[in-house]
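**Q** Give me coordinates for this.
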Amino acid sequence: MAAACDFDPLDLSQGVPHEGYRRLRAEAPVCRTPSGTWFLSRRDYVLAATRDVHTFRASFRDPGVVVPDEEMLISEIPEPRHGRVRRVVNSAVAAHRIGEIGSFVRELANRLLDELLPAGRIELVEQFILPIPNSAIGVLLGVPVGDHALWAGWSDEVVQGDYARRNRNERGEGLAGAHPEFTAYIDARIAERRAAPVSPPDFITRLLQTEIDGYRMSDVELRTFLAFLLISGNETTRHLLANAAHTLASRPDLYARLRDEPALVPNAVEESLRMDPPVVYLLRECIADVEVGGCAIRRGEKVAFGLASANRDERHYEEPDSFLLDRARPSDHVAFGGGPRGAHPARGEARARSRVPVEEGADLLGQRPRGAAGGLRSGLMNFARLPRGFPSRGLAARFACFSLTFGQAPRRPGRGRRA
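**A** Numbering: from 1, shown residues only. So this is what the prediction gives:
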């Protein structure tokens with residue numbers, strides 16, 4: 001018989017309940033939450049479940065909500081159509097665009113700090129962190145970078161509103177009805193490329209022109225995907241950067257080591273993802289009866305995969321609650337899940353990897369995780385109270401760049417058995 005949780009592991013109103021997750025991993029690794037949703041807390045269970053796309057599918061909609069096929073977010077598209085869409089998206093990703101974004105992010109981060117540091121006191125999240133992922137996505141898509149404040153605002157409206165759960169809000173039905181300004185902006189970018197004698201060589205154009213095995217995305221499918229990309233890349237990356245900034249600001253020892261050894265920045269990005277994943281848990285629906293950890297989960301039941309809990313599983317990680325820069329396998333975490341839908345499209349490339357997850361951002365539509373800094377809208381930094389030299393111009397730019405797109409820098413050999 002399944003154990004019941006003695007608290008609600010899905011309630012993030014007081015922050016991420018790491019102590020509660022620790023108890024669940026030890027006593028009830030598969031349990032029922034007060035709402036009836038199953039919660040998986042151990043890494044092995046979470047990893048296996050994220051890979052089992054034939055048993056679990058994305059579930060952030062309210063029961064009974066039906067979404068037209070072309071308006072499904074990519075994480076909720078069923079197979080085999082999901083595979084076709086993903087192949088088109090992966091084919092449209094150009095490695096040279098990844099490289100361009102890296103250069104752009106470095107320049108942007110340095111310019112922002114040059115403008116902000118003389119003040120001696122800045123709102124780090126609002127003034128430095130938020131513009132970076134929004135602007136980088138603009139470069140990737142080929143839309144005006146100066147419009148980043150527009151889609152950042154639209155992203156917040158979607159994440160904080162009812163559309164994701166109900167496929168509608170008080171303004172109308174579907175994405176176009178619920179958020180007409182957002183969809184009109186995207187539709188205009190698509191129309192511009194269709195009308196242009198020579199379309200710009202950007203991501204939107206590549207998506208329009210890519211056909212695989214006779215399948216090509218429709219304009220409505222493309223609009224839905226682009227809206228989702230603007231939301232997911234914005235939300236997940238700024239959570240990562242905000243959490244990492246808070247960690248470095250509160251840990252002078254870590255900050256000093258990274259200044260002395262900037263080659264460890266990729267490790268710091270991965271360790272920040274492990275310690276404070278942008279998405280705390282994934283919400284899924286069971287579409288076939290299955291047994292997990294001796295518990296029978298029935299078709300139609302809701303399941304939450306505890307990413308934040310899995311990333312601190314004592315059975316897999318040495319010193320799971322410590323931020324370590326010299327783990328033997330820094331990227332061995334499940335911050336973005338672990339299955340074909342959880343892996344980055346370019347995760348296996350040796351030289352360049354996209355750090356903007358394409359699908360896991362949907363799970364932020366079903367939760368509002370609090371960052372380590374206590375929320376993304378609060379990050380006021382008074383330099384007199386921070387580690388000397390924080391934030392470093394070069395280090396901040398390098399960290400921002402590696403958080404979005406980075407070439408895999410040489411990493412220090414790991415020590416001991418740290419995972």
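**Q** What ranges in the chain fall below the confidence cut-off?
**A** 1-2, 94-99, 339-419 (pLDDT under 70).
**Q** Tell me how far the residue most central in space within it lies from Ser155.
**A** Residue closest to the average C-alpha location in the chain (Cα atoms, centre = their mean): Thr236, at 3.4 Å. Distance, Thr236 to Ser155, by Cβ to Cβ, to the nearest Å: 11 Å. C-beta: built from backbone N, CA, C; applies to glycine.
**Q** hmm, back to that, find me whatever residue is spatially closest to the residue nearest to the centre of the chain, sequence neighbours aside.
**A** The spatial neighbour of Thr236 that comes closest, neighbours along the chain excluded (Cβ to Cβ, 6 or more residues apart in numbering), is Pro278 at 4.1 Å.
**Q** what's around that neighbour, how many residues?
**A** Neighbourhood size, Pro278 [other Cβ atoms under 10 Å]: 27.
**Q** Looks to me like it is in a helix.
**A** No. Counting by DSSP: H, G, I helix; E, B strand; the rest coil, one finds Pro278 to be coil, located in no helix.
**Q** Next, count neighbours for Gly177.
**A** 14.
**Q** Report the contact partners of Glu76.
**A** The neighbours of Glu76, taking Cβ atoms under 8 Å, 6 or more residues apart in numbering as the test, are 57-61, 67, 362.
**Q** Touching, Ser41 and Gly20? I think so.
**A** No. Assessed by Cβ atoms under 8 Å, Ser41 is found out of contact with Gly20, at 9.2 Å.
**Q** which residues do these two both contact?
**A** Pro9.
**Q** Do you have the helices of the stretch 251-400 of the chain handy? List them.
**A** Under the criterion DSSP state H, counting those that start in this stretch, the stretch 251-400 of the chain contains helices at 252-260, 265-275, 307-310, 393-404.
**Q** same question, the stretch 1-150 of the chain
**A** Going by DSSP H, counting those that start in this stretch, the stretch 1-150 of the chain shows helices at 18-27, 43-51, 81-92, 95-116, 131-141, 148-160.
**Q** Direction-wise, compare the shortest one with helix 18-27 and give the angle.
**A** Angle, helix 43-51 to helix 18-27, by axes from the mean of the first three to the mean of the last three Cα atoms, to 10 degrees: 100 degrees.
**Q** what's around Arg298, how many residues?
**A** Neighbour count of Arg298, defined by other Cβ under 10 Å: 10.
**Q** nearest residue to it other than its sequence neighbours?
**A** Asp289 (5.6 Å).
**Q** show me what contacts the residue nearest to Leu24 when sequence neighbours are not counted?
**A** Counting by Cβ to Cβ, 6+ apart, Ser41 is the residue found nearest to Leu24 once chain neighbours are left out, at 4.2 Å. Ser41 makes contact with 9, 21, 24-25, 28-31, 306, 309-310, 313, according to Cβ under 8 Å, 6+ apart.
**Q** Okay, Ser41 and Glu19: tell me how far apart.
**A** Note on Ser41: its distance to Glu19, by Cβ to Cβ, is 12 Å.
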